[in-house]
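Asks: Quick one, fold the following:
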Amino acid sequence: MQPPAENDLMLMTVAIFLPTVFAILICLPLPLWRNKDWVRWTALWGTGLTMLVSFFIFIEYYQMAQTHSDGLRPGYGREAQLLPRMEAAAKRELAAQPRDSNDWLARVPWIPSFNIDYFIGIDGISMALVLLTTVITFISMIASWNIDRYVRGYCALFLVLETGMIGTFLALDFFLFYIFWEVMLLPMYFLIGVWGGPRREYAAIKFFLYTLLGSVFILIAMLAFYFTNVRDLVPPQVVEEKAQQLVRSGRYTPDQAREAVKVNSFDLLVLHKAGGLAADIIKAQEELATAATDAQRQAAEAKLTALVQRHQHTGDYFFTSTTFQYTMFLLLFIGFAIKVPVFPFHTWLPDAHVEAPTPISMILAGVLLKMGGYGILRIAYPICPWAAEALAWWLGLFGVINIVYGAFAAMAQTDFKKLVAYSSISHMGYVILGIAVWSASNQGAYWSMGINGAFYQMLGHGVSSAGMFFLVGVIYDRAHHRDLNKFRGLNESMPVYGGLSAIIFFAAMGLPGLCGFIGEVMVVLATWNFSWVFSVLSALTVVLTAGYILWTIQRVFLGTNEAYKDYPDVTLREMLCAVPLVILSVALGILPSQLVLNWVEPSINYLVNTLARVNG
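Replies: Residues are numbered from 1 along each chain as shown. Presented below is the predicted three-dimensional model:
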């Protein structure tokens, strides 16, 4: 008898693959696709239904999380987090109990011979980014209405891109994560290369090569982790099943088989446990090497012996090498940093933004850049926590360089779109700085504040950057240029456009009461206890940001310009794109806890507390 279908498995799978179903539908040779509006409406329905599914998943996940309390606060219970939920699912399977259909964790064997599973799940971190993805994608599809060349191809690639983005945020198997990560690459390459500006081929190839380089680094790390023996970290039934397979081969007795079993896994949560174990062993080795007295030496030896005996098979000890930890962390960090992007791996971004069509720039800035930060939080830090702590200062330095360099570069631009692109580099620097803060501090509250601020900056920037790129596209459709020195006076002919732009640009500037302020101020405050120099530099850069934002508003909107006096104000379609982003910019600035932090913070705090125990 087949077990009943899991509600969470079905809903998460629908959220991932529903856009692809609509993409396949659009690719079918049907007569109705001769009407381009039918194609557009079908793609819009695909993104709209996916957004509604994500809303429903959020409601169900939120209700599940709120049932688990830490004694004081709903949602903060340990049972609401990914790893405890996985351990609970393993216990149910061992006891032959039915799976929990509402734990928002689902696993189906995919390629059993290599221990590759279709393993997906949700916590506060991934849920927030899935919501951001579906909302920005839906709005970007409305913004795509004026795409008139190869509309079927554009919409199909657009929908496949959404599948890749959502799948990346939900995947908990490293191999599956990598598949979705790569799925995003080709659609974006063609969306820039076919529908982009005059230098679209150059920008698309540059984007492809940079991203592919990062993917190769991630692939090398993934394979190295896979060939780590994690038998002591998986449920006992997995080891027993492997042993039975060896016995059936006829070459082992049952006892020999149990001893010979090796378990290789792409399971990210198992690899998190392996990373924590590696950090514990390395710390114990360091304590032993630096022990000053016999008592300290005996205590360190006892600690190290207990760790090794308890996990005598895991990693076969190469995983606990400091060289291995450094190497793997750097491979992962560089791979994800290219996507953020972090200086000096940023040069693909301005070209890609300038040449990409407006809706694709919205997705690129609003969602794709956040995948780099997500990869660092979900994969690089939990699997290599010892190296993350050891390199924390350097990561913070690169974050500050991003912040300052991006602001100065934005100030120097005369191309409206390139200015927004460099401002994205600056704002994403706060994400890197906030993530780095917790790694080398002994004050847990500031660890949490740094990562919460970094994550909120990802969400706030996702909204404001998508809005800025859309508003740049609105004026480009009328003026057919982006030269800041040729504008001026747009507020006279387009007052509604000017008002919407002011709110979005002030949000990007970090004005209190708007979405850009919360994340930045949390990161700056958390950084003070990590490095006051970094904190001061990141705070002073706000002045530079205000400078180029206000200078841009002055050059574009103020004064008088006869050349633009007959420009029509924003259309209804353009209002439908801009107004939701304006509302989100204000709402996220006024109600950060009520809208986001109350249900995201428990997942981030659990991550911080786990790594604090490891590195403590």
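
Asks: so L540 is in which element?
Replies: Using DSSP states H and E, L540 sits within helix 532-557.

Asks: mind checking how far that helix is from the chain centre?
Replies: Chain-centre distance of helix 532-557: 25 Å, with C-alpha atoms, centre = their mean, to the nearest Å.

Asks: Where does the prediction get shaky in this protein?
Replies: Of all residues in the chain, those with pLDDT under 70 make up the ranges 1-5, 69-73, 75, 96, 309-318, 438-444, 613-616.

Asks: returning to what we had before: for the helix or strand following the helix holding L540, name the packing helices and strands.
Replies: Following helix 532-557 in sequence order, the next helix or strand is helix 572-590 (DSSP H and E). For helix 572-590, the elements it packs on are helix 124-143, helix 444-479, helix 495-509, helix 515-528, judged by 3 or more C-beta pairs under 8 Å, 6 or more residues apart in numbering; DSSP states H and E. Every C-beta, even on glycine, is put in place using the N, C-alpha and C of the backbone.

Asks: possible to save those helices as a markdown table with distance to R378 and mean neighbour count?
Replies: Compiled in a markdown table, these are given as follows (distance: least, C-beta to C-beta, whole Å; neighbours: other C-beta atoms under 10 Å):
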| stretch | distance to R378 | mean neighbour count |
| --- | --- | --- |
| helix 124-143 | 7 | 25 |
| helix 444-479 | 11 | 25 |
| helix 495-509 | 26 | 21 |
| helix 515-528 | 18 | 25 |
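
Asks: Any idea which of these gets closest to F333?
Replies: For F333, the closest of the helices and strands packed on helix 572-590 is helix 444-479, at 14.5 Å, according to C-beta to C-beta.

Asks: which other helices and strands contact that closest one?
Replies: Against helix 444-479 (3+ C-beta pairs under 8 Å, 6+ apart) you get helix 124-143, helix 358-363, helix 369-375, helix 416-437, helix 495-509, helix 515-528, helix 572-590, helix 598-615.

Asks: then the third one to CSV, C-alphas only?
Replies: Backbone C-alpha positions of helix 369-375 (Å, rounded to 0.1, in the frame of the first residue of the first chain) are rendered in CSV as follows:
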residue,chain,number,x,y,z
LEU,A,369,21.7,38.8,-6.4
LYS,A,370,20.0,37.5,-3.2
MET,A,371,20.9,34.0,-4.1
GLY,A,372,24.6,34.7,-3.4
GLY,A,373,23.8,35.8,0.1
TYR,A,374,21.4,32.9,0.6
GLY,A,375,24.1,30.4,-0.5
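
Asks: and that helix, how far from the chain's centre?
Replies: 3 Å.

Asks: Show me what it is in contact with.
Replies: With contacts defined as C-beta atoms under 8 Å, 6 or more residues apart in numbering, helix 369-375 is touched by 125-126, 129, 132, 165, 168-169, 181, 184, 218, 332, 335-342, 349, 424, 428, 431-432, 435, 454-455, 458, 461-462, 465.

Asks: That one: which residues count as buried?
Replies: Residues of helix 369-375 classed as buried: L369, K370, M371, G372, G373, Y374, G375 (neighbour count, 16 or more other C-beta atoms under 10 Å).

Asks: quick one: which of these is nearest V160?
Replies: When these are compared against V160 (criterion: C-beta to C-beta), the nearest one is M371, at 15.8 Å.

Asks: which ones are touching A365?
Replies: H353, V420, A421, S424, H461, G462, S465, A466, M468, F469.

Asks: cutoff 6 Å now
Replies: With contact taken as C-beta atoms under 6 Å, 6 or more residues apart in numbering, A365 is in contact with S424, S465, F469.

Asks: Count the residues that sit near V151.
Replies: Residues near V151, counting by other C-beta atoms under 10 Å, number 21.

Asks: Equivalent analysis for P254, please.
Replies: Applying other C-beta under 10 Å, I find that P254 has 12 neighbouring residues.

Asks: ok so, going back, tell me which of the buried residues of helix 369-375 is nearest to N529?
Replies: G373 (21.5 Å).

Asks: From N609, how far out is that closest one?
Replies: G373 sits 20 Å away from N609, going by C-beta to C-beta, to the nearest Å.

Asks: next one: V14
Replies: For V14 relative to N609 (C-beta to C-beta), the value is 33 Å.

Asks: just W393 next, same as before
Replies: 22 Å.

Asks: likewise L459?
Replies: 22 Å.

Asks: Kindly report the same for P29.
Replies: 55 Å.

Asks: the more surrounded of those two?
Replies: More neighbours surround N609 than the other of P29 and N609, with 16 against 5 (other C-beta under 10 Å).

Asks: Which of the three states applies to R107?
Replies: strand (DSSP: H, G, I helix; E, B strand; the rest coil).

Asks: List the residues that contact the residue lying closest to it once chain neighbours are set aside.
Replies: Nearest residue to R107 in three dimensions, chain neighbours excluded: F119, at 4.6 Å (C-beta to C-beta, 6 or more residues apart in numbering). Neighbour list for F119: R107, L172, D173 [criterion: C-beta under 6 Å, 6+ apart].
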